[in-house]
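Peer 1: Compute the structure for the input listed below.
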Amino acid sequence: MKIFVSDTYEMMSKQAADEVIEIMQSPKQPLICTASGDSPAGLYKELVERARKKQLDVSDWFFVGLDEWIGMNEDDEGSCRYHLNEQLFNPLQIADDKICFFNGRANDLAAECEQTENFIHEHDVIEVAILGVGMNGHIGMNEPGTSADTRSHIINLDTITQQVGQKYFKIGQKLTQGITLGIATLMEARNIILLVSGKHKAEITQKIIENEISEKLPATILRQHPSLKIYLDAEAASKILS
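Peer 2: Numbering: from 1, shown residues only. Modelled structure (predicted):
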């Protein structure tokens, strides 16, 4: 585990973008796992800006989505796919056949899980998984108590996740279940980049770095990964630096 602390969110995002680009340059047709949310948004903005300036070529990249709300897909404003379309896929002009993303509206959600796992297997490995952390320590939608052995699955959402998730929508939503890559799937990624920003995340940041590794706090399990890099802005890092 390596921890990088930047003075500002913008600096954190640029530093993380440098790392992602370096990782993704080596293999042919690399697969990247993308999380939605506030913390990774600056990283995506940086990738888009560099591509616009012809400083980055993503033409051979493939993408797998981390998670989605059950009952939603890219047509729903506020969904995980909607945000990634806005922040990353559309600006980079990524073709649909290079993206595998859970459809939370699908009739057969188990098939969605199987399809996603197969997509990863076809590309050998996730080269880098970009993750954030929830206020309750979840990664993806792997809520506290989720087994470390899980692969892609459907999960009942914790009350905290249901409440915090409302910020992505203009009107209140009933968020009861999610579909997500499992902890075991994520731990098989060659590299993991965890991004955490904001003073409101300072307490959970301290816990995931200092508490004992436990399924009760899923993000702590990432510390067992051989290539975990944690990028923090000063506000998120405030309790570990005090």
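Peer 1: how much space between the spatially most central residue of the chain and residue 205?
Peer 2: The residue lying closest to the centre of the chain (C-alpha atoms, centre = their mean) is residue 35, at 2.5 Å. Distance of residue 35 to residue 205, given as C-beta to C-beta, to the nearest Å: 16 Å. Just so you know, the C-beta spots here come from the backbone N, C-alpha and C atoms, and that holds for glycine as well.
Peer 1: do residue 213 as well
Peer 2: Counting by C-beta to C-beta - residue 213 and residue 205 are separated by 15 Å.
Peer 1: Those two - which one has more neighbours?
Peer 2: The neighbour comparison of residue 213 against residue 205 (other C-beta atoms under 10 Å) goes to residue 205, with 25 against 15.
Peer 1: Now for the nearest residue to residue 70 once chain neighbours are set aside, how many residues are close by?
Peer 2: Using C-beta to C-beta, 6 or more residues apart in numbering and skipping the chain neighbours, the partner closest in space to residue 70 is residue 177 (3.9 Å). Using other C-beta under 10 Å, the number of residues around residue 177 comes to 16.
Peer 1: Check the one 5 residues further on too.
Peer 2: The number of residues packed around residue 182, counting by other C-beta under 10 Å, is 22.
Peer 1: what ranges do the strands span in the protein?
Peer 2: 2-6, 31-34, 62-65, 67-69, 99-100, 126-131, 153-156, 177-180, 191-196, 228-233 (DSSP state E).
Peer 1: Tell me the strands beside the second one, with direction?
Peer 2: Right, strand 31-34. strand 62-65 (parallel), strand 126-131 (parallel) (DSSP bridges).
Peer 1: So for residue 112, which of these sits nearest?
Peer 2: For the strands paired with strand 31-34, proximity to residue 112 was assessed by C-beta to C-beta; strand 62-65 is nearest, at 10.5 Å.
Peer 1: Let me see the mean pLDDT of that closest one.
Peer 2: Here strand 62-65 scores 98 as its mean pLDDT.
Peer 1: can you check stretch 200-216 too?
Peer 2: 97.
Peer 1: One more: stretch 227-242?
Peer 2: 92.
Peer 1: in it, what's buried?
Peer 2: 228-240 (16 or more other C-beta atoms under 10 Å).
Peer 1: Distance from the chain centre to stretch 77-90, please.
Peer 2: Averaging C-alpha positions (C-alpha atoms, centre = their mean, to the nearest Å) puts stretch 77-90 13 Å from its chain's average.
Peer 1: for that stretch, how far is the first residue from the last?
Peer 2: Across stretch 77-90, the terminal residues are separated by 15 Å (C-alpha to C-alpha, to the nearest Å).
Peer 1: Number the chain from 47, please
Peer 2: Taking 47 as the first residue, the last one we looked at is stretch 123-136.
Peer 1: Could you give me the buried positions within that stretch?
Peer 2: 124, 125, 126, 127, 128, 129, 130, 131, 133, 134, 135.
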